[in-house]
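>>> would you be able to build a 3D model of this:
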Amino acid sequence: MHNGSGDESASTGPQMGTPAAKREWWPGSLDLEILDQNVQDVGPWNGDFDYPAAFEQLDFEALKADIEA
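Here you go, the predicted model:
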């Protein structure tokens, strides 16, 4: 195909390139990798914490009032 540039093999169609890296899209973003340390060691689901029992103790009226406040 002739595109007027003198190069008969050059295409004038859309060019596929390498996708932009996250750093190129958000160059000022924070490095959050430090938050990924010891992920298994945190949270109420570890050890002998009884999540269903704690959920049953929630005061839903107080929670609703806090949300609406």
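>>> tell me the mean pLDDT over stretch 14-23?
Taken as a whole, stretch 14-23 has an average pLDDT of 73.
>>> pull it out as CSV, backbone CA atoms only.
Only the C-alpha atoms of stretch 14-23 are listed here, as CSV (Å, rounded to 0.1, in the frame of the first residue of the first chain):
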residue,chain,number,x,y,z
PRO,A,14,-4.1,1.7,13.7
GLN,A,15,-0.9,0.7,15.4
MET,A,16,-0.9,-1.9,18.2
GLY,A,17,1.7,-1.1,20.8
THR,A,18,2.7,-2.2,24.3
PRO,A,19,0.0,-1.3,26.9
ALA,A,20,1.0,1.5,29.3
ALA,A,21,2.3,0.4,32.6
LYS,A,22,0.5,1.5,35.8
ARG,A,23,3.2,3.9,36.6
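>>> which outside residues touch it?
residue 29 (CB atoms under 8 Å, 6 or more residues apart in numbering). (Glycine included, C-beta is placed from N, CA and C.)
>>> let me see the ranges of the helices in the protein.
Applying DSSP state H to the chain gives helices spanning 22-25, 51-56, 60-68.
>>> redo those helices as a markdown table? Include distance to residue 12.
As requested, those are exported to a markdown table (distance: least, CB to CB, whole Å):
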| stretch | distance to residue 12 |
| --- | --- |
| helix 22-25 | 26 |
| helix 51-56 | 61 |
| helix 60-68 | 57 |
